[in-house]
Structures are given as structure tokens and as C-alpha cells.
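*Asks:* Provided below for reference: sequence and predicted model.
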Amino acid sequence: MPTSPPLLGQALPVELMNTVFADRHGVHDALTSAESARRWLGAVAPRLDAPLAGSADRLTEDGLARLRGLRDALRRLAAELTGDPRESAASAIAELEAAVRTVNEHAGSARATPILELTEGGDVIEEFRVTGPPGELFVSAMAAEAVHFFGRWRDLELRACLAPGCVLYFIKNHPRREWCSTACGNRARAARHYARHGKPPSTG
């Protein structure tokens, strides 16, 4: 089973939501184990601040459960905002209040504060003091970013990709954008074409 979700260059909360993804074999979850979660964290690490990138290797099974819970909360918020009709994309969290509560519980649960440190050689360098469990640092930072992200509720151009079989979300950054990717756009247009001509879409 594939464990590498597509990275669309979206805001990190959207990338986290898209760790639930689909291909011709069905819907997959890229966060099924701490190892697979670390691989995903490694893929997004270049976009993270230093202390967050370094926290990926310290993700524990408990941290994985928290990351999955946060992901499910964000997908529930996204479904509400977009009016997402896709049953296959439904979040494990059914209640909107529970989703909001989950995000708020994680935001600020761990924090990295920049500090100056004097080395033995007499140099002054920047380091980070982590408050809270190190394995929780990424989840906490992602939750805080999600607060800012969804806090623009009425102005947020978040969309559910309604191409056949897709379960991803994306930011509509162009008036004519309808799909999360070119591949989904091609698939949707092919499906419409075959529907008009009474032929099933090719599975090849």
C-alpha cells in the first residue's frame, strides 16, 4: 500500500489534511505508523523552522495518534467549510465542535522559544528551548498554524477536489482553478466526455 501522499505546495494544514489520499486502488492513509509519519514529516521538513524539522525524528506512537487526531479535525473543518459531499473523504471526527476542540487542545501544548546560548568557545548562537513534550512540538505548531488558517473562515478559498475518486483539498488560487491537480482535471474532463457519449471512462 502506498504511503507517500501528493505534496501540492499548499499551506501546511492542507498538506496534513491530504495525508488521506486516493489512487486507482482506493483511499489510503499516509499516517498509519510512526515510521510513515516520519517520512511525511521529512518530506515537508524543508518548509519548517529548525526546531520543528528536528522534532520529526522524535515522533512517538502517542505523537502519531495526536497528529492523526489533528489531521481528522482539520478534515472535518474543511468538509464543513467546503460543503464537501464526498463520502469517501469523510473525517473520523463527526462533530464540528469536537474538531474545533481538538485543534484548540493541541495549539500551544508545546512550544519552541528562541534563546541565545554562549558556547564553550565564546560564541553566541541561537538555540531553542522546548516547553512541553518534544514529540508534541510539530503537532502543536501545526495546530497553531491551523488556527490562523481556519480563522479566515469566510475569506478562505479552500475547496474539495470533486474529480472522480479524489479526496484531497486545495486552495483555489486562480479564478478558473477547479481541481487539486492537472491529473484530476484531466480525469474529470474525461469522465464528463464519456458521460456525454455514453461510454465508461478508461481504467488504463
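*Replies:* That came through, no problem.

*Asks:* now the one helix or strand residue 37 maps to, how far from the chain's geometric center?
*Replies:* Taking DSSP states H and E as the criterion, residue 37 maps to helix 34-44. Distance, stretch centre to chain centre, for helix 34-44: 12 Å (Cα atoms, centre = their mean, to the nearest Å).

*Asks:* now stretch 103-119
*Replies:* With Cα atoms, centre = their mean, you get 21 Å for stretch 103-119.

*Asks:* for stretch 183-191, same thing?
*Replies:* Taking Cα atoms, centre = their mean, one finds stretch 183-191 lying 23 Å from the centre of the chain it belongs to.

*Asks:* buried residues in that stretch?
*Replies:* Neighbour-count burial for stretch 183-191 flags 184, 187, 188 (criterion: 16 or more other Cβ atoms under 10 Å). Using the backbone N, CA and C atoms, a C-beta is placed for each residue, glycine as well.

*Asks:* average pLDDT for that stretch?
*Replies:* Average pLDDT, stretch 183-191: 79.

*Asks:* Outside of it itself, list whatever touches it.
*Replies:* Applying Cβ atoms under 8 Å, 6 or more residues apart in numbering, the contact partners of stretch 183-191 are 161, 162, 163, 164, 165, 166, 168, 178, 179, 201, 202.

*Asks:* Tabulate these in a markdown table, adding columns for distance to residue 54 and neighbour count.
*Replies:* What follows is the contacts of stretch 183-191, written out as a markdown table (distance: Cβ to Cβ, whole Å; neighbours: other Cβ atoms under 10 Å):
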| residue | distance to residue 54 | neighbour count |
| --- | --- | --- |
| 161 | 33 | 25 |
| 162 | 38 | 16 |
| 163 | 37 | 22 |
| 164 | 40 | 13 |
| 165 | 36 | 16 |
| 166 | 33 | 24 |
| 168 | 28 | 25 |
| 178 | 38 | 15 |
| 179 | 35 | 20 |
| 201 | 45 | 13 |
| 202 | 46 | 7 |
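
*Asks:* Can I get the buried residues of stretch 183-191 in a markdown table including distance to residue 22?
*Replies:* Below are the buried residues of stretch 183-191 laid out as a markdown table (distance: Cβ to Cβ, whole Å):
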| residue | distance to residue 22 |
| --- | --- |
| 184 | 10 |
| 187 | 11 |
| 188 | 14 |
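
*Asks:* which of those lies closest to residue 40?
*Replies:* Nearest to residue 40 among the buried residues of stretch 183-191: residue 184, at 20.5 Å, using Cβ to Cβ.

*Asks:* Quickly find the element holding the closest one.
*Replies:* Per DSSP H and E, residue 184 falls inside helix 182-196.

*Asks:* Show me which residues of stretch 52-67 are buried.
*Replies:* By 16+ other Cβ under 10 Å, the buried positions in stretch 52-67 come out as 52, 53, 54, 55, 56, 59, 63, 64, 66, 67.

*Asks:* I'd like these as CSV, with secondary structure and pLDDT appended.
*Replies:* Listed next are the buried residues of stretch 52-67 as CSV, based on DSSP: H, G, I helix; E, B strand; the rest coil; pLDDT from 0 to 100:
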residue, secondary structure, pLDDT
52, helix, 78
53, helix, 72
54, helix, 70
55, helix, 70
56, helix, 70
59, coil, 80
63, helix, 86
64, helix, 90
66, helix, 92
67, helix, 93
